[in-house]
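1. Build me a model:
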Amino acid sequence: MDASNPLADLKDIHLPTDVSIFPLAPIWYVLISVIIIVIIFLVIRHFVKTAKLKRFNKINVQITELENNIKITDAEVIIEISTLLKRVAMLKFNKKKPEFLYGNKWIEFLNHTGKTTDFSAIHMEGLRNIYKNNIFNNKKQFFTTTRSWVRKVI
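-> Model prediction:
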């Protein structure tokens, strides 16, 4: 050992390498995974909500056209609304065979699927027997109830 140079024996000692971000502690992998799953869930939920809103808007346009059409009678409007409601019901509740329902069974089905009792009200009486010469008791409430049911089931 050379007494004149006390650092001569330190040739083989090197500085450590820079600290890398990887590998992370396991909790960071869990946190990153949870964040990615939450982001994917939110994106999917957004697209599902957007698709539902588009479907409702298309149906709402048809309901509004029937509501504002003064060339057809109330009985024809009720038949068209019932047909529209059956189409929506066939798409959403195909296994329950709603296309074969009529009268009280149809009203019960609408109340059950919409989680409401609004279809049993007097302003919705026309849907019970659509082939009778029906007139509206309360046209505004009739269309409000129809829109509400469509929004709930879509």
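2. Output the longest helix belonging to this structure.
-> Longest among the helix segments of the chain by residue count, using DSSP state H, is helix 26-68.
3. where does this protein dip in pLDDT?
-> Residue ranges of the chain with pLDDT under 70: 1-3, 8-9, 11.
4. one step back: now for the longest helix of the chain, which elements pack on it?
-> The contact analysis (3 or more Cβ pairs under 8 Å, 6 or more residues apart in numbering; DSSP states H and E) places helix 26-68 against helix 74-92, helix 139-153. (C-beta placed from N, C-alpha, C; glycine too.)
5. so which of those helices gets nearest I59?
-> helix 139-153 (5.3 Å; Cβ to Cβ).
6. residues in contact with the closest one?
-> With contact meaning Cβ atoms under 8 Å, 6 or more residues apart in numbering, helix 139-153 is reached by 56, 59-60, 63, 67, 74, 81, 84-85, 88-89, 92-93, 110, 113-116, 118-119, 121, 123-124, 126, 136.
7. Buried among the residues you listed? Make that a ChimeraX selection.
-> Listed next is the ChimeraX selection for buried residues among these, using 16 or more other Cβ atoms under 10 Å:
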select :56,59,60,63,67,81,84,85,88,89,110,113,114,118,119,121,123,124,126,136
